[in-house]
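A.B. asks: Build me a model from this:
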Amino acid sequence: ACRAAGSQEPCQDVLEELEPVVQLLMEEMDTMVGKLQSLEGDFGSNIWIGEEDREAIVNAVGPKLESTYEKAYQLALDSLKLRKSLELGLEPHQLAELLPDYWGSFIRDGVIEDVRPLGT
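C.D. replies: Okay, here's the model as predicted:
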């Protein structure tokens, strides 16, 4: 899309919008790690919850927290790849290799005026 616009200005706009997204994802990952580390301890020390209930809670919540962490991690990684790609001014074929799922979505679902100048 930056190449289609013919200038670096749109890329700079994307970089500026991307920074708070990366920051938010990193904070979310830190939060998830803290919750995962404290999950068993928090419920294990509660005298009102029996061991079976504690295990049930940990087994129900733990995988959900892990899944959320993995999703935030992957989004943060992809956001960092995109940021570095824009900073380096990578060519479209390099972006396709680096972020194949997003590239495929862009090509299939993107605005034709943005896609056509890329020669795809």
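
A.B. asks: element containing Gly34, please.
C.D. replies: helix 9-44 (DSSP states H and E).

A.B. asks: what angle do the helix or strand that that helix is followed by and helix 9-44 make?
C.D. replies: Going down the chain from helix 9-44, the next helix or strand is helix 51-88, by DSSP H and E. Using axes from the mean of the first three to the mean of the last three Cα atoms, to 10 degrees, the direction of helix 51-88 lies 160 degrees away from that of helix 9-44.

A.B. asks: Heading C-terminal from helix 51-88, find the next helix or strand.
C.D. replies: helix 92-98.

A.B. asks: Show me what counts as buried in that next one.
C.D. replies: Pro92, Leu95, Ala96 (16 or more other Cβ atoms under 10 Å). Every residue, glycine included, has its C-beta placed from N, CA and C.

A.B. asks: quick check, nearest of those to Val21?
C.D. replies: Distance ranking of the buried residues of helix 92-98 against Val21, using Cβ to Cβ, places Leu95 first at 17.5 Å.

A.B. asks: Hmm, the closest one is touching Leu86, no?
C.D. replies: No - the pair Leu95 / Leu86 is not scored as a contact, 9.2 Å apart, by Cβ atoms under 8 Å.

A.B. asks: so what pLDDT did Gly6 get?
C.D. replies: Per-residue pLDDT puts Gly6 at 59.

A.B. asks: whoops, Glu87 was the one
C.D. replies: In this model, Glu87 is scored at 88, pLDDT.

A.B. asks: swap in Gly44?
C.D. replies: At Gly44, the pLDDT value in this model is 67.

A.B. asks: residue contacts, the spatially closest residue to Leu75 that is not a sequence neighbour?
C.D. replies: With Cβ to Cβ, 6 or more residues apart in numbering as the criterion, Leu75 has its nearest non-adjacent residue at 5.4 Å, and that residue is Leu25. Counting by Cβ atoms under 8 Å, 6 or more residues apart in numbering, Leu25 touches Ala72, Leu75, Ala76, Ser79.
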